[in-house]
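Peer 1: Pasted the sequence and its predicted model underneath.
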Amino acid sequence: MIIDLHPQLRVQRLSIGQEGAPLLVVDQLVADPERLVRKAARMDFQPHGAFFPGIRAPGPVSYQVFLEQLATPLMEFFGIGPGRLRATSYYSLITRPPEQLMFLQRIPHIDAASHQGLAAVHYLFRGSWGGTAFYRHRATGYEYVDEGRNLAYYQQLEREAQGPDAPGPGYIGEDTPMFERISQVEGVFNRLVMYRRNSLHSATISNHDVPPPDPLTGRLSLNTFIDVLP
């Protein structure tokens, strides 16, 4: 399938919190987002990995090439050196009931510790299914977790998981005893948000209205991980 940029595409270059990690928000990303939704409706969604609280299906190869081309001129904004990019995309539906979430699914997460990787979420749903929020870990002050912070951060999480501030069942909302929400992007149809994979983040999901497992009515997104190849 051919994927074209929307003629009314709008780009915002933002930053996250006090540590200023780069954040890109693109509205009206593709010219025909409904085509991506129709393709998703024909896919076989399955559980994917231990931590994603829902089901996934492979994204179109042409979409991965499209995201590589979109991201290439943005590497300087994200503080990443030039190189060939490789994008891996998944259609994603968050479906897990809040009472079934594991500890690490109830707090913000990172996708990788390296500064060299990016993540992107392309919202393909209409309705109030939430967007993406970014957080500061109160005990350490970290807004991102890179290789130099990784060990200290997860050791602190282990201590907090057994303490009085450990979160109860459910998706994280706004501020909690462990985390402060420092930025938020609303989920808007055909909007893409792109950020470093080591920024602490989470989808914003209501614990009272979990999305259905249906690409046409649920919280459909195309989630992409972008790596810089050596």
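Peer 2: Noted; the coordinates are in hand. Residues are numbered from 1 along each chain as shown.

Peer 1: Backbone torsions only: list them for residue 208.
Peer 2: Per-residue torsions, residue 208: phi -110, psi -10 (degrees, to the nearest 10).

Peer 1: Can you report how many residues lie near it?
Peer 2: 7 (other CB atoms under 10 Å). For the C-beta atoms, the positions are set from N, CA and C on the backbone; glycine is no exception.

Peer 1: can you start the count at 489 instead of 1 from here on
Peer 2: Right, with 489 as the first residue, what we last looked at is residue 696.

Peer 1: show me where this structure has helices.
Peer 2: In the chain, the helices defined using DSSP state H lie at 521-529, 549-559, 638-649.

Peer 1: Format the ones you listed as JSON lines; extra columns: distance to residue 667, mean neighbour count and mean pLDDT.
Peer 2: Shown next, in JSON lines, are the helices of the chain (distance: least, CB to CB, whole Å; neighbours: other CB atoms under 10 Å; pLDDT from 0 to 100):
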{"stretch": "helix 521-529", "distance to residue 667": "31", "mean neighbour count": "17", "mean pLDDT": "98"}
{"stretch": "helix 549-559", "distance to residue 667": "28", "mean neighbour count": "18", "mean pLDDT": "96"}
{"stretch": "helix 638-649", "distance to residue 667": "10", "mean neighbour count": "14", "mean pLDDT": "96"}
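
Peer 1: what about those, which gets the closest to residue 705?
Peer 2: Residue 705 lies closest to helix 521-529 among these, at 10.2 Å (CB to CB).

Peer 1: Touching the closest one from outside, list them.
Peer 2: 489, 491, 518, 545, 548, 551, 579, 612, 677-678, 703-704, 708, 710 (CB atoms under 8 Å, 6 or more residues apart in numbering).

Peer 1: Out of these, which sit inside strands?
Peer 2: Among the contacts of helix 521-529, the residues falling in strands (DSSP state E) are 545, 579, 708, 710.

Peer 1: which of those residues lies closest to residue 623?
Peer 2: residue 710 (23.0 Å).

Peer 1: which residues does the residue nearest to the spatial centre of the chain form a beta bridge with?
Peer 2: For the chain, residue 609 is the residue whose C-alpha lies nearest the centre (CA atoms, centre = their mean; 5.2 Å). Under DSSP bridges, the beta-bridge partners of residue 609 are residue 681, residue 711.

Peer 1: so it makes contact with residue 620?
Peer 2: Yes. Counting by CB atoms under 8 Å, residue 620 is a contact partner of residue 609 at 5.7 Å.

Peer 1: which residues are in contact with both of the two?
Peer 2: Contacts common to residue 609 and residue 620, judged by CB under 8 Å, 6+ apart, are residue 681.

Peer 1: List only buried entries from the contacts of helix 521-529.
Peer 2: By neighbour count, with 16 or more other CB atoms under 10 Å, the contacts of helix 521-529 hold 491, 518, 545, 548, 551, 579, 612, 677, 678, 703, 708, 710 as buried.

Peer 1: Would you reformat those as a markdown table and include distance to residue 656?
Peer 2: Output for the buried ones among the contacts of helix 521-529, formatted as a markdown table (distance: CB to CB, whole Å):
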| residue | distance to residue 656 |
| --- | --- |
| 491 | 41 |
| 518 | 39 |
| 545 | 31 |
| 548 | 38 |
| 551 | 37 |
| 579 | 30 |
| 612 | 31 |
| 677 | 32 |
| 678 | 35 |
| 703 | 30 |
| 708 | 28 |
| 710 | 31 |
